[in-house]
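Colleague: structure of the sequence below:
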Amino acid sequence: MSTVTAGASGGDGGGRVYGRWWKPDAERGRWAVDPLAGVGPLRFGMTADEVQQAIGAPGPVGAVDEMRAPWWRFHDAAGVSVIYDLGFRLVGVAVDAISGPLVRLGEVDLVGRVPSQVGAEVRRLAAREGVAVRTNPVGDPEVAAWGLSMGAAQAWGPGPHGYPQRGEAQLSEVLLVAPELAADPYAAEPVRRWRDLVDRPANPGAWTVAADLQRPRWNWTPGTSVGLLRFGMIPEQVSRALGGTTPTLRRGHPHWTNRPYRDWPHQTEPPGPVRWSLAEEHYAALGVTAEYRCRRAGFPVLGAVTVAGRTGPQLHFAGIPLVGRPLTEVEADLTRHADERDLGLLYDSEDEFGPQDAHLYVRPVRAGDRTISGVRLFEPDWNHRR
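Modeller: Numbers count the residues shown, from 1 in each chain. The predicted model follows:
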């Protein structure tokens, strides 16, 4: 067997899962929500030093963008992401589903539980308190009056050999924000720096998963083609190959004229954009996203294809269906295939895995309270972590 794993290590009480520590409930703190004021020991308006002192944990890890404000930081030992505004004052706290404290609002436990159950309890509490509930961009309840926005993440737990093991379930997590962000947290600039959902398709709260018989079956050649799509196509060719369908959503980014953004804050003026570069096109009806890279001449060409787990076409590898199945079943099938042939199963730092040299990663996709499989296929030199 030559299976390769990355990013996880075990321990007696928990384990590291891609930059976070999975913790059993007995080892997690218990914090109470003070709506619009703070959570646990953290108060909105705190400085970074005050946050560090309040948490009382070792220094933060994770993304820290010191070239741009606002900042966000993930505090590893505490299991929380803290979000700062332009004045470097605390305006948001995101509590991790598998490693964060067990947060309570009234009689509702918000973190590490079945998302639909938590959502139902939040709605009942809101109705009793006479406050409005809406659905946030990820499909979970959001209550502006409390500065609360729910979410979910894949479950992890103890494995048979002391290593963390992925679960099939989703577990609830929560974002809590200061009053100035509460009206629309995910549209607020500080939260967008932490997790930008503004130009992503919003989930209305429905988690319909297409049956396997309802999905078209696509053939694919590793590193070369997916269905009728070939890597290297320009967007017009992609659209024609997909039957002339118009993309539901197009995303991109600017190119800069002078020194790169990383040279800040030494520049007196921000670099000016010279052109908009297409990054991806989402075809919602087909459950497919085309992802592009720019050639030297400046025009985009197809570099990767992502197949949506809930709605996308079915693809097979060595007879194994890859799309829309419980993620743990796909992992078990691919592991067995790798073991029988002394091949490699590669694990990526973004919680993706795939057969060695197949230029394919299976990815976790939320389907309500459970986790199913989606797929990203890419050309050999594609930077799949971008």
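
Colleague: list of residues touching stretch 230-242?
Modeller: Stretch 230-242 is contacted by residues 223-225, 227-229, 245-247, 278, 281, 283, 286, 288, 290, 292, 299-304, 378-379 when judged by Cβ atoms under 8 Å, 6 or more residues apart in numbering. For every residue, glycine as well, the C-beta is placed using N, CA and C.

Colleague: go with 6 Å
Modeller: 228, 229, 290, 301, 302, 379 (Cβ atoms under 6 Å, 6 or more residues apart in numbering).

Colleague: buried sites along that stretch?
Modeller: Residues of stretch 230-242 classed as buried: 231, 233, 235, 238, 239, 241, 242 (neighbour count, 16 or more other Cβ atoms under 10 Å).

Colleague: for that stretch, what is the average pLDDT?
Modeller: For stretch 230-242, mean pLDDT rounds to 96.

Colleague: same deal with stretch 277-284?
Modeller: Here the average pLDDT along stretch 277-284 is 92.

Colleague: buried ones in it, by neighbour count?
Modeller: Buried residues in stretch 277-284 (16+ other Cβ under 10 Å): 277, 278, 279, 280, 281, 282, 283.

Colleague: now residue 53. Its backbone dihedrals?
Modeller: Taking degrees, to the nearest 10, you get phi -70, psi -40 for the backbone angles of residue 53.

Colleague: now do it against residue 310, distance only.
Modeller: Distance, residue 53 to residue 310, using Cβ to Cβ, to the nearest Å: 44 Å.

Colleague: looking at the contacts of stretch 230-242, which is nearest residue 338?
Modeller: Using Cβ to Cβ, residue 379 comes nearest to residue 338 of those, at 22.6 Å.

Colleague: check the burial of the nearest residue to residue 107 once chain neighbours are set aside by counting its neighbours.
Modeller: Spatially, and ignoring its direct neighbours in sequence, residue 107 is nearest to residue 125 (7.5 Å; Cβ to Cβ, 6 or more residues apart in numbering). The tally of other residues near residue 125 (other Cβ atoms under 10 Å) stands at 17.

Colleague: same check on residue 198?
Modeller: Residues near residue 198, counting by other Cβ under 10 Å: 13.

Colleague: that one and residue 163: what is the separation?
Modeller: Residue 198 is 37 Å from residue 163, by Cβ to Cβ.

Colleague: before we move on, what about residue 287?
Modeller: Here residue 287 is placed at a distance of 33 Å from residue 163 (Cβ to Cβ).
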